[in-house]
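Novice: A structural model of the following input is requested.
(chains A, B, C and D)
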4 protein chains.
Amino acid sequence: MVIELKKEVSQAQAAELGVQARCIVFEENGRSILVSASSVKELPEVLKPHTEAFFVTSSDIQLASKEYRKEKREIDLGFTKIGGKNNNTVMITGPCSVESLEQITQAAELCVERGIGILRAGCYKPRTSPYSFQGLGLEGLKLLALMREKYGLKVITEVRDASHVDDVIEYTDIIQIGAKAMYDQGILRRCGQVKKPVLLKRGFGTTLQEFVQAAEFILSGGNPNVVLCERGIRTFETKTRFTLDLCGVAYLKEYTNLPVVLDPSHAMGYAYGVPDLTRACMAMGIDGLLIETHPNPKVALSDASQQLDFNQFRALHESLGVIGKAIGYKLV
Amino acid sequence: MVIELKKEVSQAQAAELGVQARCIVFEENGRSILVSASSVKELPEVLKPHTEAFFVTSSDIQLASKEYRKEKREIDLGFTKIGGKNNNTVMITGPCSVESLEQITQAAELCVERGIGILRAGCYKPRTSPYSFQGLGLEGLKLLALMREKYGLKVITEVRDASHVDDVIEYTDIIQIGAKAMYDQGILRRCGQVKKPVLLKRGFGTTLQEFVQAAEFILSGGNPNVVLCERGIRTFETKTRFTLDLCGVAYLKEYTNLPVVLDPSHAMGYAYGVPDLTRACMAMGIDGLLIETHPNPKVALSDASQQLDFNQFRALHESLGVIGKAIGYKLV
Amino acid sequence: MVIELKKEVSQAQAAELGVQARCIVFEENGRSILVSASSVKELPEVLKPHTEAFFVTSSDIQLASKEYRKEKREIDLGFTKIGGKNNNTVMITGPCSVESLEQITQAAELCVERGIGILRAGCYKPRTSPYSFQGLGLEGLKLLALMREKYGLKVITEVRDASHVDDVIEYTDIIQIGAKAMYDQGILRRCGQVKKPVLLKRGFGTTLQEFVQAAEFILSGGNPNVVLCERGIRTFETKTRFTLDLCGVAYLKEYTNLPVVLDPSHAMGYAYGVPDLTRACMAMGIDGLLIETHPNPKVALSDASQQLDFNQFRALHESLGVIGKAIGYKLV
Amino acid sequence: MVIELKKEVSQAQAAELGVQARCIVFEENGRSILVSASSVKELPEVLKPHTEAFFVTSSDIQLASKEYRKEKREIDLGFTKIGGKNNNTVMITGPCSVESLEQITQAAELCVERGIGILRAGCYKPRTSPYSFQGLGLEGLKLLALMREKYGLKVITEVRDASHVDDVIEYTDIIQIGAKAMYDQGILRRCGQVKKPVLLKRGFGTTLQEFVQAAEFILSGGNPNVVLCERGIRTFETKTRFTLDLCGVAYLKEYTNLPVVLDPSHAMGYAYGVPDLTRACMAMGIDGLLIETHPNPKVALSDASQQLDFNQFRALHESLGVIGKAIGYKLV
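Specialist: Numbering: from 1, shown residues only, chains lettered A, B, ... in the order given. Just a heads-up that it's a prediction; the model follows:
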């Protein structure tokens, strides 16, 4: 159950009420909000005098559910807004990993050329083998910051584990929580303490229920700026790297109030399928796209097979606007 | 290995060569074609004098592969063509099951109203429980035939098991092999003996490799008119009925020469997601769409939750043409 | 709902009552049994005067459920019984395919040597490629019949598709319905018309619910002699051929009244793991085991990698009795 | 490639060689070991003068592979040894979560009563919802330490995220890395810096390859004491919580040199199936078992459905020794 307390209830009083009613407590727009387990279906007595409104939810998808808040959340990205009633599809592109100043500069310049506002690139790579390239780490973060300064771009990079979550929070404009870190409550709670937008990727073995419940950790920490990202789930099919779950995206659009971004590059795992899949995503009416591009994919230090080269990306990008227009969405 | 014999080789001679070289033999355009296991990488001596051309393939996807035939196969549906260089996206719609003359008439009239050439409806339902509605059987086939006669529509229905394969072949214009019958070699071989187009649905537990290999049974029987249909695979996610595998579709487009039709209705299992998913499919550049519609889904005898009502379908259908145009495809 | 009619109700009367109450009707021990959809929770008025007993079931697992019949069904195999309170674990072994008189004779002699009563071997192979060995067909069935005659063994072989179901019924002692034919209602219903034991294999993409519902097609046709067989499901893991679902076996033992046989050979796909897995199955307390053996696995025409050679099998077989004894089961 | 340097090479020199040859470097028994990516198939020139032995591996399963080290690793648990040639199956039991002094005391006394050396219980619960019980945290660790002191038991608890990894390392005898934390390189690397035994659980969406590669992070950090734990993978089947992958266990036994422990409680998710599954695991010949028990499962704060009560456990435990003996294993 989600309970919005009256404006006059102080934070201290709210905290005490939270303890009495076994609720998580956080602030939103100067008002305290309490959340109990969804199994609670009746407003606790102790809260009755202080409650402005309350919402019964059918599962532990609570703050993210349309049962609580019907309208899609709108998140300010600085140069544009994602979610709400904007019907923006925000393009995010860049290489899998920051590899060098030269490489990331080329990627940034592609963004500028195409009028794209957000540059993505990994600094801490969640490789499954300790014997593979692990990312440039802090040095990579600094190169991204340099791109932001030089080209006025927003930057996004992935938190792989808790050891560098504070660095990522400091250096980026959007915090990406990777698919393998998605269950990490330390990271989720830490991201709940800030107000920066968080792009939360679905784990490849994660049900939709668990995925949105992970978002609840951030939302109930007091950060309302969560964006969901579907990037492919693991199935029995191995001809492609993962299976992009667009049925799941339809579910998320129907039942949650969070903006949804899609990452067809990781789902497919092979560049040949990325343009078709990206156009499919665009035609669904979604809030954003995450596409991997590299100035020279063949020599990429990670995910070489799935990154588009710049000409492939230009052709794809060119084709998206018209599809968006056909369904009332604007490619940003 | 696929071996095209010289025109002058007689059928009898070809049959004998097939036995000697352990090949499957069939006729295409007055020429005999032999297929050996893909593990054969060198042309057998005995065939050398009689061979016009031969094609080494990397797996038992042979006749369906681009290694053998680069261009997508074109199949004549009478009122239009599917596949080839036509860039047609052929719409097929109708109810899950034929339920009554009145219901199927309404469905047929929706096709006429929207300029759609193919009516679909099941007569033999592959229900998982013996205690559910099993379809009207032959009576249903006759109602479909009536619709064809009355409205000039092509009709398609599903073969569930071998007991009625001959009836389906006789009464329909396109033979649909259902997801649960997809491994049935009796049915596959029987459909290889005719020339009617066959729409082969992917089993929900079937890999892409096995799926296309099932098509090989039909193709190597001498029926070149095979269309593949992706309709969702079974994964760990249960909020939706199945998971539509568009990554797999990208694979099929890249590596096979068969037209591909998509069925988002069965994949999603819930009407609310079907329009978004259908638009996604349309934007990928595909050869056809199979959408379930019902004059009154609430009272449908099967698949009630996933069928669109006619107004939902009209709105969806309206939106598809523009998306097609954006990528150079024509909605037929 | 399962309804047992009074003994005095004639078959003709039962058939009529079935039509009136929309039930499937069959005979068991001279009594008519009716089954309606499980959604029916109250005994229909029309049946009340004629009903001896009725059983409400929570899903369309009805005749196979413990809600209907608490005790495990006992099935007579001639030389021994499977199921019931016998605590027999019946060993079935033999090659993947009948390949020649010599090979199947060696297999039969292994059975005799080890005191095993049932010989298995495929005659119609459900290969995924048309370019692989497809089995000896009727000739294979005749070789199996010869083994029965010569060595007094029972034989079991698999129905792949409906084209040969009658031959398999005629020539074998136990009819095996293969994993890929498991949804085939034509085959299921045909096997419901006979009384021979049917070993029904779970499809590799089939839920437990669907699996047992397939058994309902046979049971509600009037054949009570159904044995379930778990043989591995398809998951994301590809280092092994399939994933043996022993959790599912625990479920079947808890909720159904059907004997359960396990096939670790197909699940594993590699001989190295078969002994360990077989011992694991044995220790669960199950009704039978299906183990593939071949006089010379290296030259086997199908499933070469997973068949045990005779010495491997002897060592395994030797070890099973003690495990059985530890849990009160007898290896037969 | 794994390279064992000569004894006379100093640590400093080894570190420098590691940089030159792009290898990870660690110490084992006073000798430096270098590991390069498995794609390196020839010994680098620079290392030749300093190399005692080297091992080419076929994948990035290197230190854990039988290609490198044929014998199963032996790990000292203080009161007994796990792995090696001991043929011990080490029983570990206790509740899902530490809930109170009284409850954990009862659990400890069950261990003492049954002669079991290791007590398990969670302090940091990796719940998927923020609105569920999250564990007692540090207080729980202290209760476990108390049990160790009072009853002479070894204790094991799970690291959920990096925020408490140091506490878990300090307070427990065996560090458990949970299924959801399994990809966390921060945690893996931290556990590589100590010598305490680490029980690494397989993620439910994790392939065997990735699973063992996660162990490589610990091993290549210099901690050789890694035990693998299979606890069920996520499949399409939902009647049981997960699917215990015993085929995968057969693979791990065949190809890796790490001891393997099984957790049937989490796999099954329901107490009714746990005894049968545990006996199946025991009969495979494995190094340990992790079974959840609770003095009163009905009131458990987490995983209520899958925990055995003490009498159920006693009966199960009683039955395991004989099965072990049948295959030459000793229940410890």
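Novice: what residues does the stretch 101-250 of chain A put near chain D?
Specialist: A:126, A:128-132, A:134, A:160-163, A:180-181, A:183-187, A:203-206, A:209-210, A:213-214, A:216-217, A:220, A:234 (CB under 8 Å from any CB of the partner chain). Any C-beta I mention is one placed from the backbone N, CA and C, and that applies to glycine too.
Novice: backbone torsions only: list them for the residue nearest the centre of chain A.
Specialist: The centroid of chain A falls nearest to residue A:199 when counting by CA atoms, centre = their mean (1.8 Å). Backbone torsions of residue A:199, given as degrees, to the nearest 10, read phi -100, psi 110.
Novice: these two touch, right, residue A:106 and residue A:295?
Specialist: Yes. Here residue A:106 reaches residue A:295: they are 4.3 Å apart, a contact under CB atoms under 8 Å.
Novice: which residues are common contacts for the two?
Specialist: Shared contacts of residue A:106 and residue A:295 (CB atoms under 8 Å, 6 or more residues apart in numbering or on different chains): residue A:310.
Novice: just to revisit the earlier point, need the contact list for the residue nearest to the centre of chain A.
Specialist: A:156, A:174, A:175, A:176, A:177, A:227, A:229, A:261, A:290.
Novice: the second one: what's it in contact with?
Specialist: If I follow you right, that is residue A:174. A:77, A:118, A:154, A:155, A:156, A:196, A:197, A:198, A:199, A:227.
Novice: so how do I select the buried members of these in PyMOL?
Specialist: Restricted to buried positions by 16 or more other CB atoms under 10 Å in any protein chain shown, the PyMOL selection for those reads:
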select buried, chain A and resi 77+118+154+155+156+197+198+199+227
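Novice: okay, the contacts of residue A:174 in TSV with pLDDT next?
Specialist: Formatted as TSV, those follow (pLDDT from 0 to 100):
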residue	pLDDT
A:77	97
A:118	98
A:154	98
A:155	98
A:156	98
A:196	97
A:197	98
A:198	98
A:199	98
A:227	98
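Novice: what pLDDT is listed against the residue nearest to residue A:272 when sequence neighbours are not counted?
Specialist: Using CB to CB, 6 or more residues apart in numbering or on different chains and skipping the chain neighbours, the partner closest in space to residue A:272 is residue B:254 (5.3 Å). Note on residue B:254: pLDDT of 98.
Novice: show me what contacts residue B:254?
Specialist: Residue B:254 touches A:272, A:273, B:66, counting by CB under 8 Å, 6+ apart.
Novice: likewise for residue A:190?
Specialist: Neighbours of residue A:190 in contact, by CB under 8 Å, 6+ apart: A:162, A:165, A:166, A:169.
Novice: A strand includes it, no?
Specialist: No. Judged by DSSP: H, G, I helix; E, B strand; the rest coil, residue A:190 forms no part of a strand; its state is helix.
Novice: and the closest residue to chain D within chain A, how close does it get to residue C:67?
Specialist: Nearest to chain D, among the residues of chain A, is residue A:205, at 1.7 Å (CB to the nearest CB). According to CB to CB, to the nearest Å, residue A:205 and residue C:67 sit 34 Å apart.
Novice: the two: who's more crowded?
Specialist: residue A:205 (22 against 18; other CB atoms under 10 Å in any protein chain shown).
Novice: right, and that one touches residue D:204 too?
Specialist: Yes. Counting by CB under 8 Å, residue D:204 is a contact partner of residue A:205 at 5.7 Å.
Novice: common neighbours of the two, please.
Specialist: Contacts common to residue A:205 and residue D:204, judged by CB under 8 Å, 6+ apart, are residue D:234.
Novice: what residues go with each domain of chain A?
Specialist: What the record gives for chain A is the domain set A:2-55, A:74-331, from automatic domain parsing.
Novice: and the shortest one, anywhere near chain D?
Specialist: It stands for domain A:2-55. Yes. On the criterion CB under 8 Å from any CB, domain A:2-55 is in touch with chain D at A:24, A:35, A:36, A:37, A:38.
Novice: on that earlier part again, near chain C, which of the residues of the stretch 101-250 of chain A next to chain D show up?
Specialist: A:205, A:234.
Novice: can I have the buried ones of the residues of the stretch 101-250 of chain A next to chain D as a ChimeraX selection?
Specialist: Selection of the buried residues among those in ChimeraX, burial being defined by 16+ other CB under 10 Å:
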select /A:126,128,129,130,131,132,134,160,161,162,163,180,181,183,184,185,186,187,203,204,205,206,209,210,213,214,216,217,220,234
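Novice: okay, and which of the residues of the stretch 101-250 of chain A next to chain D map to strands?
Specialist: Per DSSP state E, strands hold no members of these.
Novice: now stretch A:303-312: mean pLDDT?
Specialist: Averaging pLDDT residue by residue across stretch A:303-312 gives 94.
Novice: report the buried residues of it.
Specialist: Quick answer for stretch A:303-312 (16+ other CB under 10 Å): A:303, A:306, A:307, A:308, A:310, A:312.
Novice: can you give me the helices in the stretch 151-300 of chain A?
Specialist: Using DSSP state H, counting those that start in this stretch, the helices assigned to the stretch 151-300 of chain A run over residues A:165-171, A:185-192, A:208-219, A:246-255, A:264-268, A:274-284.
Novice: buried set for the fourth one?
Specialist: Buried residues in helix A:246-255, counted by 16+ other CB under 10 Å: A:246, A:247, A:248, A:249, A:250, A:251, A:252, A:253, A:255.
Novice: am I right that the third one is in contact with residue A:230?
Specialist: The one in question is residue A:248. Yes. Counting by CB under 8 Å, residue A:248 does reach residue A:230; the two are 6.1 Å apart.
Novice: residues shared between the contacts of these two?
Specialist: residue A:202.
Novice: residue A:314 - that's part of a strand, no?
Specialist: No. Assessed with three-state DSSP, residue A:314 is helix; it does not lie in a strand.
Novice: residues near it, how many?
Specialist: Neighbours around residue A:314, by other CB under 10 Å: 15.
Novice: so who does it touch?
Specialist: residue A:114.
Novice: over to residue A:77?
Specialist: Contact analysis of residue A:77 by CB under 8 Å, 6+ apart lists A:90, A:117, A:118, A:154, A:173, A:174, A:197.
Novice: ok, now how distant is it from residue A:287?
Specialist: Going from residue A:77 to residue A:287 by CB to CB gives 11 Å.
Novice: still on that earlier bit, now, which of the buried residues of helix A:246-255 sits nearest residue B:5?
Specialist: residue A:246 (44.9 Å; CB to CB).
Novice: who touches that closest one in this structure?
Specialist: Neighbour list for residue A:246: A:230, A:280, A:281, A:284, B:244, B:246, B:276, B:277, B:280 [criterion: CB under 8 Å, 6+ apart].
Novice: the same query, at a cut-off of 10 Å, please.
Specialist: A:230, A:262, A:264, A:267, A:277, A:280-281, A:284, A:286, B:240, B:243-247, B:264, B:267-268, B:273, B:276-277, B:280-281 (CB atoms under 10 Å, 6 or more residues apart in numbering or on different chains).
Novice: which strand or helix spans residue A:82?
Specialist: strand A:81-83 (DSSP states H and E).
Novice: before we move on, what about residue A:119?
Specialist: strand A:118-120.
Novice: what's the neighbour count on the spatially closest residue to residue A:164 that is not a sequence neighbour?
Specialist: Nearest non-adjacent residue to residue A:164, counting by CB to CB, 6+ apart: residue A:124, 5.6 Å away. By other CB under 10 Å, 27 other residues sit near residue A:124.
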